[in-house]
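Visitor: the following block contains a protein sequence and its predicted model.
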2 protein chains.
Amino acid sequence: MTKRTVSRRTLFAGGAATVGVVGGFAAAQAFEGDDQTTSGTASYAFRGAHQSGIVTPAQDRLHFAAFDVTTDSREELIALLQEWTEAAERMMKGGSAGPIGPTEGDSRLPPDDTGEAIGLPPSRLTITFGFGPSLFRDGKGRDRFGIADRKPDVLEDLPHFPADALDPAKSRGDLCIQACADDPQVAVHAIRNLARIGFGTVSVRWSQLGFGRTSSTSTSQETPRNLFGFKDGTANVKAEESSAVKEHVWVGQDDDPKSVWLAGGSYLAARRINMRIETWDRQSLSDQEDLIGRTKDSGAPLSGGDEFSEPDLDLPGRDGPVIPVDSHVAMVHPSANGGARMLRRGYNFVDGNDPLGGLDAGLFFIAFVRDPAEQFIPLQTQMAKSDAMMEYLKFTGSALFAVPPGIGRGEYVGQALFT
Amino acid sequence: MTKRTVSRRTLFAGGAATVGVVGGFAAAQAFEGDDQTTSGTASYAFRGAHQSGIVTPAQDRLHFAAFDVTTDSREELIALLQEWTEAAERMMKGGSAGPIGPTEGDSRLPPDDTGEAIGLPPSRLTITFGFGPSLFRDGKGRDRFGIADRKPDVLEDLPHFPADALDPAKSRGDLCIQACADDPQVAVHAIRNLARIGFGTVSVRWSQLGFGRTSSTSTSQETPRNLFGFKDGTANVKAEESSAVKEHVWVGQDDDPKSVWLAGGSYLAARRINMRIETWDRQSLSDQEDLIGRTKDSGAPLSGGDEFSEPDLDLPGRDGPVIPVDSHVAMVHPSANGGARMLRRGYNFVDGNDPLGGLDAGLFFIAFVRDPAEQFIPLQTQMAKSDAMMEYLKFTGSALFAVPPGIGRGEYVGQALFT
C-alpha cells in the first residue's frame, strides 16, 4: 500500500498541508484562518488545553452521534480512541479520515476515507468527544473497562423530569461525538467516517442532525432564533467571558478526587426537545411574549431596554410583574437559580413529521457545564415544574456525557482516564 | 388589525421591498441579484413561464413535504392554493409568509409569520408545488374536487419496482411542496409556514430534509458527491441546454388532451433511497469504481477522458468491456434507454440511525421529466433489475406529482386545472 499523505480534499490539499497544528497546550481554540465569518477554508486547532467545539464560536450545522461500545476489551476501546483522535485531527484540518485518502493507495483495498467531502474545505469543523456513565459501569453494573472507580459522582443518567417522554432509542450512550461545521456534508462526513472506523467496536445508538444554531457562544455572533421564532441564548456564557467560562464550564482540578482526569474538561447535557409548533403558532403574539418574557422582535426583556438589558423581574405591571413569574426568562434567570449559568450550544431540528400531521421539530439542546448536579439538574427541574412554556415542549431524548479535557501533543482523547 | 406591509426579515426589508417581481411570462427564473454564487441576499422570481426550483441552479439545502388534503371542498382547496401562492411569492422575495409580519400588527392575534427567519436574507429560496394522483381520485376512487377527468394518464402511483421496500408513511401524497434554499432555516421556515397556513385543510403526510445537493442543474455548478463518495449527476440535463430542457422536462401542449392545463409544467418523481453505506465502505476502491463505471477521483468514465467525456460502453477490457455491463453508468446511460434523460435535483440525507447501528442515510432522489412513463419508469425498472449498485440500495419512499406550469400575474398555482 502506498503511504502517500494526500488530502481527501484535493482543492485545498496545499493549503491544508501548510496549516500548522498548534501544539501542546499553547493556544487552545486558536483560529487558523483570516476571518471566521467568511472563509470555508478556515480551520480550528484540534489539540490544546480544551477540546474544540465548546467555546468555539458556534458553527451553523451539527451532526451528533451517541455510540454503544460492543466490545468488553479495554485495549480495543483504547485503540479506538487513538484512531478516532488521529482521524479527527486530520479531518479538522481538511484532510481525509485515514492517512491515505479516498482515492489514493492500493485500489484493491477499501479506501480509508469515504470521499463525499473531496473538494470541500475544512468548513470550521470541530469534533468533540464525550464519555457516558455507562462506559464506566454498564446496565448490568459491570466495570467493563476497569474505570468504574474513576467515574465522577455527578456523571449519572439524568433523572426523570416532569414532561419527559423519553425515547430510549434517542437517549444515553457509552460515547458521544459532536461534529459541528458550517457545511452539513463536512459534519456528516466526520461522523460517518468515525463510525466506519469504529465498526466492530462501537455501533451508532442514535444520531441527530441540526441546523440553525440556537445559541451564540461568542460576543462576535448575533443571537439566532429557535423554531418558536424567538432569539435564544441571549444570556449564554460567551467564550470572551473568561472568568465565567472558568467558573461555569471547565471542571476544576479539585472538583472531585475521582475526576482529576477530567480537569479542563466539562459535562455535556443533551436534550432532544420537541416543540409543539402548530399549537404555538396559534397563540397570540402577546401570549407568546408573556410565555417567553421577552419581545419577539428585538429579544428585549418585557421590562424594557434592548436584547442584552438585564431583565427586571420585579417591575410591576397591571397584573403582577411585567415579566410574568412563570415566564421562561423568570424561571431560568441565574438570579432564580443561585447564579447557575451554562454554555449552551443547541441547534434547531426537523426530523420529518409527527403522526398528527405536523412537523417533528424542535430544539436539540446541548449545554456544557462544570457540574450538572449544580447547574443543569436544578434548572431543568425548576423549568419542568413551573415554566409556562413547558406546555409547548416534549422532551424525547436525554443524555449526559463527561467531556475530557483537550488533547496534548502525542496524546489521545481521554488518555488520562486510562493511565 | 393594522395592515402594514413589513418584511419579516427586518434587516433586509428595504432591499426586499425594492426588488421588482418579474411580471407575467417575461423572464422565467430571472435571477434577481448580482451573483448567484455569493450572495444570500439574492432571490429568484416567483412568477414566470415555469415554476421556480426546477431549472434553477440547485441550491444546497432542501425541505420537501407531502400533504394529504383533509377537506372535500373544492372551494377550500382553491382558497388554499391562492393563499399558498401569495405566501410563497412573499417568502421567495425575503418577506414574511403573511402580509403583516411576525411581530407587526395586533398583538392580541397570532402572528401571520412564525418568525424564525427574521433577519435572514432570501437565500435563493424557491418553492415548487405539485399535485399527486390521489388529488384527482382518492384511495376510494372518489373525485373529491371535480378534476378526475383532467388527470393525465401518466399521473399514476409509480409501480412496484424490485428492491422497493416502501414505507407508506414516506410515500405518495395529494400535494407536495419542494423548498430549496442556501440556508436550511429559510427552507424549513417556508414549509413550516405553508403547513401552518394549510392547517385544517391539509396535514403533513411526510417531510424530508436534505443537504449537499447531489446534482448540478446548471453548467456553472461543480458536480457534487453523493454518500457513496462519487460525483453524481454528471450527465444531468442542465438549464443551459434549452432544447434538451424543452424535450425532456416541460410537458408540451399536445402531450395529452387531458393535461393541457399542465403544458409548461413537468412531473416530479421522488424516491427516498437508503444507501447501505457501511457495506459500501468495506468494498475496495476498484470494486466501487466498477459498480459505478466511473473513477471516484475525477468522475471520468472508466473508458477514459475526464468527467464529461462520453462513456465508451464497448471499449474492451481484460474481461469484457472496461465499463462493466452491469455498472450504474452502463445501465442508466441514455444510449441504453432510448435516449431518455432527466433533470435530477436530489439531495443527500441522514435521518438518525438504523436499527443495525449504522446511519439511516442516503439520497433523496428528485427528477423532473416530461413523461414519467417514458423517461422514469423504464429507467428505474432497468436499474432495479440489473444494476450491480442495487445491492447497496433500498428504496424506502416513492411519489409522483404533476408540477403545474409557472404562475402568471394575478394567478394562483395550478389555476388552469380549476378553470
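Guide: Thanks, I have it.
Visitor: from the chain's centroid, how far away is the top helix by length along chain A?
Guide: Scanning chain A for the longest helix, with DSSP state H as the assignment, gives helix A:74-92. Helix A:74-92 sits 19 Å away from the centroid of its parent chain (Cα atoms, centre = their mean, to the nearest Å).
Visitor: which strands and helices lie in contact with it?
Guide: Other helices and strands packing on helix A:74-92, by 3 or more Cβ pairs under 8 Å, 6 or more residues apart in numbering or on different chains; DSSP states H and E, are strand A:126-131, helix A:184-197. Just so you know, the C-beta spots here come from the backbone N, C-alpha and C atoms, and that holds for glycine as well.
Visitor: hang on, residue A:374 packs against residue A:339?
Guide: No: using Cβ atoms under 8 Å, residue A:374 makes no contact with residue A:339, being 9.8 Å away.
Visitor: quick check on the two: which one has the bigger neighbour count.
Guide: The neighbour count for residue A:374 versus residue A:339, taken as other Cβ atoms under 10 Å in any protein chain shown, is higher for residue A:374 (16 against 11).
Visitor: contact partners of the helix or strand where the more buried one lies?
Guide: Per DSSP states H and E: residue A:374 is located in helix A:372-375. Applying Cβ atoms under 8 Å, 6 or more residues apart in numbering or on different chains, the external contacts of helix A:372-375 come out as A:153-155, A:158, A:248, A:267, A:269, A:338, A:340-342, A:369, A:400.
Visitor: in helices, which of the residues you listed appear?
Guide: residue A:248.
Visitor: now the contacts of helix A:372-375: which count as buried?
Guide: A:154-155, A:158, A:248, A:267, A:269, A:340-342, A:369, A:400 (16 or more other Cβ atoms under 10 Å in any protein chain shown).
Visitor: in strands, which of the residues you listed fall?
Guide: Taking DSSP state E, the ones among those that sit in strands are A:267, A:269, A:369, A:400.
Visitor: could you dump these into JSON lines and include distance to chain B and pLDDT?
Guide: Putting those into JSON lines (distance: Cβ to the nearest Cβ, whole Å; pLDDT from 0 to 100) gives the following:
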{"residue": "A:267", "distance to chain B": "24", "pLDDT": "98"}
{"residue": "A:269", "distance to chain B": "20", "pLDDT": "98"}
{"residue": "A:369", "distance to chain B": "26", "pLDDT": "97"}
{"residue": "A:400", "distance to chain B": "20", "pLDDT": "98"}
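Visitor: follow-up on the earlier one: now the contacts of helix A:372-375 in a markdown table, with distance to residue A:70?
Guide: Shown next, in a markdown table, are those (distance: Cβ to Cβ, whole Å):
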| residue | distance to residue A:70 |
| --- | --- |
| A:153 | 27 |
| A:154 | 27 |
| A:155 | 21 |
| A:158 | 24 |
| A:248 | 35 |
| A:267 | 25 |
| A:269 | 25 |
| A:338 | 41 |
| A:340 | 37 |
| A:341 | 38 |
| A:342 | 32 |
| A:369 | 29 |
| A:400 | 21 |
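Visitor: got the phi and psi for the residue nearest the centre of chain A?
Guide: Chain A has residue A:366 as the residue nearest its centroid, 4.9 Å off, counting by Cα atoms, centre = their mean. Main-chain torsions, residue A:366, degrees, to the nearest 10: phi -130, psi 130.
Visitor: the nearest residue to it once chain neighbours are set aside: how many residues sit nearby?
Guide: Nearest non-adjacent residue to residue A:366, counting by Cβ to Cβ, 6 or more residues apart in numbering or on different chains: residue A:345, 4.5 Å away. Using other Cβ under 10 Å, residue A:345 has 30 neighbouring residues.
Visitor: and what of residue A:375?
Guide: Residue A:375 has 26 nearby residues by other Cβ under 10 Å.
Visitor: what does the stretch 1-150 of chain A have sitting close to chain B?
Guide: Within reach of chain B by Cβ under 8 Å from any Cβ of the partner chain, the stretch 1-150 of chain A has these residues: A:10, A:61, A:63, A:65, A:68, A:70, A:102-103, A:105-111, A:113-119.
Visitor: give me the buried subset of those residues.
Guide: A:61, A:63, A:65, A:68, A:102-103, A:105, A:107, A:110-111, A:113-119.
Visitor: right, and residue A:161 touches residue A:384 too?
Guide: Yes: using Cβ under 8 Å, residue A:161 is in contact with residue A:384, at 4.2 Å.
Visitor: need the residues of the stretch 201-350 of chain A near chain B, please.
Guide: A:202-209, A:211-212, A:222, A:225-230, A:277-278, A:281-286, A:288-289, A:295-297, A:348, A:350.
Visitor: distance of the residue nearest to the centre of chain A relative to residue A:400?
Guide: Per Cβ to Cβ, to the nearest Å, residue A:366 is found 11 Å from residue A:400.
Visitor: and for residue A:140?
Guide: Counting by Cβ to Cβ - residue A:140 and residue A:400 are separated by 20 Å.
Visitor: which residues does the residue nearest to the centre of chain A form beta bridges with?
Guide: residue A:270 (DSSP bridges).
Visitor: residue contacts, it?
Guide: A:64, A:178, A:268-270, A:344-347.
Visitor: hmm, 6 Å instead?
Guide: Neighbour list for residue A:366: A:270, A:345-346 [criterion: Cβ atoms under 6 Å, 6 or more residues apart in numbering or on different chains].
Visitor: name only those of the residues of the stretch 201-350 of chain A next to chain B that count as buried.
Guide: A:202-209, A:211-212, A:225-230, A:277-278, A:281, A:283, A:285, A:288-289, A:295-297, A:348, A:350.
Visitor: and for the closest residue to residue A:61 other than its chain neighbours, the neighbour number?
Guide: Closest residue to residue A:61 apart from its sequence neighbours, by Cβ to Cβ, 6+ apart: residue A:184 at 4.3 Å. Look at residue A:184: counted by other Cβ under 10 Å, it has 26 neighbours.
Visitor: just the pLDDT at residue A:184, thanks.
Guide: For residue A:184, the pLDDT comes out at 95.
Visitor: distance of it from residue B:296?
Guide: 21 Å.
Visitor: got it, and residue A:183?
Guide: Per Cβ to Cβ, residue A:183 is found 20 Å from residue B:296.
Visitor: dig out what residue A:179 forms beta bridges with.
Guide: Those that pair with residue A:179 in a beta bridge, by DSSP bridges, are residue A:63, residue A:127.
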